[in-house]
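K.L.:
with the sequence up front, the predicted model follows.
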Amino acid sequence: MASTAPHTFKDARASGVVASESRPMDRSCKHLDQIRDVMPSGPGCVECVAAGRHDWVHLRWCQECGHVGCCDNSPGKHATGHNRTTHHPIIRSYEPGEEWYYCYPDDIDFELADAPPNPSHP
Ligand SMILES: [Zn+2]
Ligand SMILES: [Zn+2]
Ligand SMILES: [Zn+2]
């Protein structure tokens, strides 16, 4: 109870669920064929590390090119920035214990039954 976890609630919705209740179940991601067998670009957000900062909250991992960027709760929002500039559609959580994916153009989060193990960051 004493610990402060300012970032847990906003992202909690996306963890451990197949689809959000608030969204129709018949929506599905049409970009699954763009998930590649990629390696994470590194243990931290590419842009933040390049700028010498480490103040991200959560990390997201692009499934098309392997870019690791910070989430929208982070000051840099580089995962979304990566999507804006590259239009790579799908990210996966790069957080330990989180298996979900998120598709930007479809605006849905989901899990894949046959997903490879999440390497996550240290
Ligand atoms: Zn999609
Ligand atoms: Zn960042
Ligand atoms: Zn990418």
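P.N.:
It's in. Ligands and ions are numbered 1, 2, ... in the order given.
K.L.:
near Q34, how many residues? Count them for me, please.
P.N.:
Using other Cβ atoms under 10 Å, Q34 has 13 other residues around it. Using the backbone N, CA and C atoms, a C-beta is placed for each residue, glycine as well.
K.L.:
for the closest residue to it other than its chain neighbours, grab phi and psi.
P.N.:
Excluding the flanking residues, the one nearest Q34 by Cβ to Cβ, 6 or more residues apart in numbering is E64, at 5.4 Å. Per-residue torsions, E64: phi -100, psi -40 (degrees, to the nearest 10).
K.L.:
okay, now E64: neighbour count?
P.N.:
E64: 18 neighbours (other Cβ under 10 Å).
K.L.:
let's have the chain start at 43 instead
P.N.:
Will do, 43 is the new start, and the previous item becomes E106.
K.L.:
helix or strand with the lowest mean pLDDT in the protein?
P.N.:
helix 50-54 (a mean of 47; mean pLDDT, DSSP states H and E).
K.L.:
ok, then the element right after it?
P.N.:
Once the chain leaves helix 50-54, the next helix or strand it forms, by DSSP states H and E, is helix 88-92.
K.L.:
may I have that following helix as CSV, with CA atoms only?
P.N.:
Taking C-alpha atoms only, helix 88-92 is exported to CSV below (Å, rounded to 0.1, in the frame of the first residue of the first chain):
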residue,chain,number,x,y,z
VAL,A,88,15.5,4.4,-28.9
GLU,A,89,14.7,8.1,-29.1
CYS,A,90,15.0,8.7,-25.3
VAL,A,91,18.3,6.9,-25.0
ALA,A,92,19.6,8.9,-28.0
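K.L.:
ok, then the element right after it?
P.N.:
Next helix or strand after helix 88-92 toward the C-terminus (DSSP H and E): strand 101-104.
K.L.:
near ligand 2 at all, that next one?
P.N.:
No - residues of strand 101-104 contacting ligand 2 under Cβ under 5 Å from the ion: none, with a closest distance of 8.4 Å.
K.L.:
one more: stretch 108-118?
P.N.:
Yes - counting by Cβ under 5 Å from the ion, ligand 2 is contacted by stretch 108-118 at 112, 118.
K.L.:
please identify the buried residues of that stretch?
P.N.:
Within stretch 108-118, the residues scored as buried using 16 or more other Cβ atoms under 10 Å are 108-113, 116, 118.
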